[in-house]
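A.B. asks: With the input below, show me the fold.
(chains A and B)
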Amino acid sequence: MKIVIVGCGRVGASAADYYDRAGHEVIILDSSTASFDRLPSTFGGHAIRGDGTDEDVLLRAGAGKADVFLAVTEGDNRNVMAAQLASEALGVGRAIAKINDPLRAEAYGELGIATLCRTGLMLDAVNGYLGLPPSGLPGMLEASGHHDGVHHDALIPPAAVAVPSQSSDSPSVTNQEA
Amino acid sequence: MFVLVVGGGKVGYYLAKELIDAGHEVALMEKDPRRASQIADEIGSIVIPHDGCEGKYLGEAGCNRADVVAAVTGDDEDNLVICQMAKRHFDVPRTIARVNNPKNEALFRHLGVDELISPTRMILGSIEQDIPVHELLHLAALGEGELELIEAHLQAGSPAIGHAPRDLSIPEGCSLFAVIRNGVATPLRPDTIMLEGDKVIAIGKTECQELLHAQLIGEAVAADA
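C.D. replies: Modelled structure (predicted):
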């Protein structure tokens, strides 16, 4: 799969390294080159400095038509905007945004992006450890709909993408110019 | 009308002030507590010292009964999220976003923001009225500087529109090699018909530029370089 990651913090860098080692095509963006120090020297993907909420930057980085788009910067809103840009304008299969505000996390599932809410995930992990029932807060939410009133064929329903066969023959690399 | 203004910078501050003067009910959200209390001292207790991007605080500010939400922070992504939350979660009939990066306008509109105000675009528009935009754009100097990579934006009035490169008298030592149309770059062949709005990419000797300008842009506006 072609996986684009915006934000090279601990989560972003670990994900980039993991998917790279798993044989996927990985492109990671961050607005600061220093963040790329978190990547191991063995990282074989593309690390590109730039603003992940800028359409031109994403296109130049080769993010168009990615299978997966993971927005994991420190800013909820930056993640939301980047993920919506990916799903609405770049035709990305599945866009996932890290959102810490549970209310916002819930609202965005309806808008076609999957959300990952650390608040809910952590609380449920703690509850699981303590033997308490789940918190009911959103954790990982699937995209439950897509942006209404707009025709776009960019959004592939999750069921259609969940075919893992794509990983074996990843699409040809065309972003050598970067 | 009840207007919820999010962002207490200069824009938000003066906006709230004007709205109050006009007799509207106004609430202003500003996440920096110091700035919030400073505004409250000046225009009264309409300030909510919280982050307007958080659903919880939008609710507390009365977003569900707002007639208009104006997101005027300095960050585009915040303004987008504020408007989307207002629209989706609180059913606000009219959302207005300040957009700094003009490139974001299409996306914001597509994502359901009712109205966009782009100061950058407005100033740009104002400047462009005074400056001829019908110029060749110098992209890069090549070789030892004797060659230049040039972009020509074909606009109404260009003699090249409706013609192919082989119909034009392209100066010696100059080559038109690509055209960008609707954001897609394709090679420019001798028989490719050029259209209005095309961006033609050329490489040429520095001294050919005047001739090239005449062919691609037109004679009306003389090149200054």
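
A.B. asks: Closest to the centroid, which residue in chain A?
C.D. replies: Nearest to the mean C-alpha position of chain A, counting by Cα atoms, centre = their mean, stands A:L70 at 0.9 Å.

A.B. asks: Repeat that for chain B.
C.D. replies: Nearest to the mean C-alpha position of chain B, counting by Cα atoms, centre = their mean, stands B:P102 at 1.6 Å.

A.B. asks: For the residue in chain A positioned nearest to chain B, give its distance to B:G59.
C.D. replies: Relative to chain B, the nearest point of chain A is A:L103 (2.9 Å; Cβ to the nearest Cβ). Any C-beta I mention is one placed from the backbone N, CA and C, and that applies to glycine too. To B:G59, A:L103 is 8 Å away according to Cβ to Cβ, to the nearest Å.

A.B. asks: what's the answer for B:V3, then?
C.D. replies: Separation of B:V3 from B:G59 (Cβ to Cβ) stands at 17 Å.

A.B. asks: Which one of those two is surrounded by more residues?
C.D. replies: Under the criterion of other Cβ atoms under 10 Å in any protein chain shown, the comparison of B:V3 against B:G59 puts B:V3 first, with 21 against 14.

A.B. asks: A:V11 belongs to a helix, doesn't it?
C.D. replies: Yes: under DSSP: H, G, I helix; E, B strand; the rest coil, A:V11 sits within a helix.

A.B. asks: Point out where chain A drops to low pLDDT.
C.D. replies: A:145-178 (pLDDT under 70).

A.B. asks: which residues touch the spatially closest residue to B:A16 that is not a sequence neighbour?
C.D. replies: Nearest residue to B:A16, sequence neighbours excluded (Cβ to Cβ, 6 or more residues apart in numbering or on different chains): B:L28, at 4.6 Å. Residues near B:L28 by Cβ atoms under 8 Å, 6 or more residues apart in numbering or on different chains: B:V5, B:V6, B:G8, B:G12, B:Y13, B:A16, B:I39, B:I43, B:I46, B:V47, B:I48.

A.B. asks: For A:R104, see how far away B:L28 is.
C.D. replies: Counting by Cβ to Cβ - B:L28 and A:R104 are separated by 21 Å.

A.B. asks: picking that back up, just say helix, strand or coil for the residue of chain A closest to chain B.
C.D. replies: Secondary structure, three-state DSSP: A:L103 is helix.

A.B. asks: what does chain B have sitting close to chain A?
C.D. replies: On the criterion Cβ under 8 Å from any Cβ of the partner chain, chain A has as its neighbours in chain B the residues B:53-56, B:75-78, B:80-81, B:84-85, B:88-89, B:101, B:103, B:107, B:110-112.

A.B. asks: Any quick ChimeraX command for the buried ones out of these?
C.D. replies: To isolate in ChimeraX the members of these that are buried, counting by 16 or more other Cβ atoms under 10 Å in any protein chain shown, one can use:
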select /B:53,54,55,75,76,77,78,80,81,84,85,88,89,101,107,110,111,112
